[in-house]
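In: Give the three-dimensional model of this entry:
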Amino acid sequence: MRDPERIDRVLNSIREAWIETPDWRLGQLLVNAIKPSEPCPEIFYIEDSKLERLVTRLNITTGNQMQTPSQKHEWVRQYIWDDGLGPIWPIVDNEKTEFATALMIYWRMEGPWFKGSLSDDAKRLHDTVAERLLGGFYSNRNLQYFPIEDNQLSKTQVYKLRKSGLPSELFEPDYPVSGE
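Out: Modelled structure (predicted):
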C-alpha cells in the first residue's frame, strides 16, 4: 500500500506552486509540472469547475457507497443532477434509505411540479420515489428534511399544495421528537 501521508505532502506542493501561478488552471499546472512526452490538451485546457465536478464524481461514484445515512443524505444534497440519474437509483431502491433522503430526491426532481416530458427514466424515478414515500417503503426517520424551508416555498405555494390534495407527508413531514 502506498504511504497515505504522501497525500498531504503532494497537495501542499500543488498548493504552493499554484499560489505562484494563480492564473493557471489546475490542468495547466499539472501538465507543466509533469511535462508529458505526449500533448494532453484534454487535461491542459479543462476548466477548474469541470475538473472539480469530475473529481467529485470520482470520489463518490454512487451514493450507495456511502457508509452512513448522514453521508448518503449529504451526498444527495450536493449531487449535480446534470450528471444523470444512474447514481440516484440505488438510493431510491434501498429500503434502508432515510425517509428524509428520499424526500429530498423527490423535491430535487421538482416534487409536485415535475414535468414528465423530460425523460421516461426521470418520470419513472420521480414516480417510484413518490410512491415509496407514501407507501412506507422508507421507514427510517433518523434524519430530517423540510421541503418548505429548503425550497423556500411561500405561504401561497404551501396553501396551493394543501388545496391540491398533495399528501402533507410530501411537504410537511412528521419526524419523531429527539429522545423518543
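
In: Toward the C-terminus, what is the element adjacent to the helix or strand of the chain with the lowest mean pLDDT?
Out: In the chain, the helix or strand scored least confidently by mean pLDDT, DSSP states H and E is helix 48-59, which has a mean of 67. Next in sequence after helix 48-59, counting helices and strands by DSSP states H and E, comes helix 69-78.

In: How is this structure divided into domains?
Out: 6-59, 63-170 (automatic domain parsing).

In: Could you say which of those domains is packed most deeply?
Out: Mean neighbour count (mean count of other C-beta atoms under 10 Å) peaks for domain 63-170 among these, with a mean of 15. Using the backbone N, CA and C atoms, a C-beta is placed for each residue, glycine as well.

In: quick one: average pLDDT of that one?
Out: Average pLDDT, domain 63-170: 89.

In: Point me to the residue sitting farthest from the middle of the protein.
Out: The C-alpha centroid of the chain is most remote from Ser37, which lies 37.3 Å away (C-alpha atoms, centre = their mean).

In: quick one: contacts for that one?
Out: With C-beta atoms under 8 Å, 6 or more residues apart in numbering as the criterion, no residue contacts Ser37.

In: Can you give me the pLDDT of it?
Out: pLDDT for Ser37: 82.

In: so where do the helices sit in the chain?
Out: 6-20, 26-34, 41-44, 48-59, 69-78, 89-92, 99-108, 120-135, 147-150, 155-164 (DSSP state H).

In: Export those to a markdown table and append columns for distance to Leu170.
Out: Shown next, in a markdown table, are the helices of the chain (distance: least, C-beta to C-beta, whole Å):
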| stretch | distance to Leu170 |
| --- | --- |
| helix 6-20 | 42 |
| helix 26-34 | 41 |
| helix 41-44 | 43 |
| helix 48-59 | 29 |
| helix 69-78 | 16 |
| helix 89-92 | 15 |
| helix 99-108 | 7 |
| helix 120-135 | 6 |
| helix 147-150 | 7 |
| helix 155-164 | 8 |
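
In: distance of Ile34 from Tyr45?
Out: 15 Å (C-beta to C-beta, to the nearest Å).

In: what do you get for Pro90?
Out: From Pro90 to Tyr45 the distance is 34 Å (C-beta to C-beta).

In: Ile14 reaches Gly27, doesn't it?
Out: No - look at Ile14 against Gly27 with C-beta atoms under 8 Å: they stay out of range, at 11.8 Å.

In: I figured Leu134 hits Leu170, correct?
Out: Yes - with contact defined as C-beta under 8 Å, Leu134 reaches Leu170; the gap is 7.3 Å.

In: what do these two both touch?
Out: Contacts common to Leu134 and Leu170, judged by C-beta under 8 Å, 6+ apart, are absent.
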